[in-house]
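Novice: predicted model and sequence below, questions to follow.
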Amino acid sequence: MSRHRSPRGGSRRPSQSRRELGPSQRQLRVGEALRHALADVLRRNDLRDPELDGVSVTITQVKPSADMRYATVYCEPLGGKNAAAIITALNRHKGFLRGEMGKLISTKFTPDLRFVEDQSFAEAEKIENILKSPEVARDLVADPEEDE
């Protein structure tokens, strides 16, 4: 009676889902290439939309899906004003942006884009305000009775 073994020998480890492991090296590399290409397209200002006219948008991160068919683009308008309207306008022009990006990158296909507002700046500001609050400052002052 023969046993079925792993080609490398030994026992097989239980597989973990891709979400637990995080993005692959390929996803990170493709995401960075997409971010640079999208920044170049937006810098040229070829979009004819009154909501995007004269607006600087920061592309903070692009996260492609595991199969590279879709990419979530995290962006923030300069100053953070009118973010919802700008994100809506970018999603309206995602087909044009995808086509322009396809000319700049060398992948088998260009992923379908989905623009979302990057909340990390707002979270960082919220944490900074909490750290500057009088309650936290009071707790950070050393109590001379504790040193004894």
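Specialist: In hand now; what should we look at? No experiment lies behind these values; they were computed from the predicted model shown.

Novice: strands of this structure, residue ranges please.
Specialist: 57-64, 70-77, 112-117 (DSSP state E).

Novice: who touches the residue nearest the centre of the chain in this structure?
Specialist: The residue lying closest to the centre of the chain (Cα atoms, centre = their mean) is Q61, at 3.2 Å. By Cβ atoms under 8 Å, 6 or more residues apart in numbering, the contact set of Q61 is G31, R35, V73, Y74, D118. Bear in mind the C-beta positions are built from the backbone N, C-alpha and C, glycine included.

Novice: low-confidence ranges in this protein?
Specialist: Filtered on pLDDT under 70, the chain yields the residue ranges 1-20, 142-148.

Novice: longest helix anywhere in it?
Specialist: Across the chain, the longest stretch assigned as helix under DSSP state H is helix 25-44.

Novice: give the buried residues for it.
Specialist: Residues of helix 25-44 classed as buried: Q27, V30, G31, A33, L34, R35, A37, L38, V41, L42 (neighbour count, 16 or more other Cβ atoms under 10 Å).

Novice: can you list the residues you listed in a markdown table and add distance to E100?
Specialist: Converted to a markdown table, the buried residues of helix 25-44 look like this (distance: Cβ to Cβ, whole Å):
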| residue | distance to E100 |
| --- | --- |
| Q27 | 22 |
| V30 | 17 |
| G31 | 18 |
| A33 | 14 |
| L34 | 12 |
| R35 | 14 |
| A37 | 8 |
| L38 | 9 |
| V41 | 4 |
| L42 | 9 |
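
Novice: out of these, which is nearest to E128?
Specialist: R35 (25.4 Å; Cβ to Cβ).

Novice: can you report how many residues neighbour the residue lying closest to the closest one once chain neighbours are set aside?
Specialist: Excluding the flanking residues, the one nearest R35 by Cβ to Cβ, 6 or more residues apart in numbering is V62, at 4.4 Å. For V62, the count of nearby residues is 25 (other Cβ atoms under 10 Å).

Novice: one more: the one 3 residues further on?
Specialist: Neighbourhood size, S65 [other Cβ under 10 Å]: 15.

Novice: I'd assumed P111 was in contact with it.
Specialist: Yes. Under the criterion of Cβ atoms under 8 Å, S65 makes contact with P111 at 7.3 Å.

Novice: distance of the nearest residue to D40 once chain neighbours are set aside relative to Q119?
Specialist: Of all residues beyond its chain neighbours, the one nearest D40 is L104 (6.2 Å), with distances taken as Cβ to Cβ, 6+ apart. Per Cβ to Cβ, to the nearest Å, L104 is found 28 Å from Q119.
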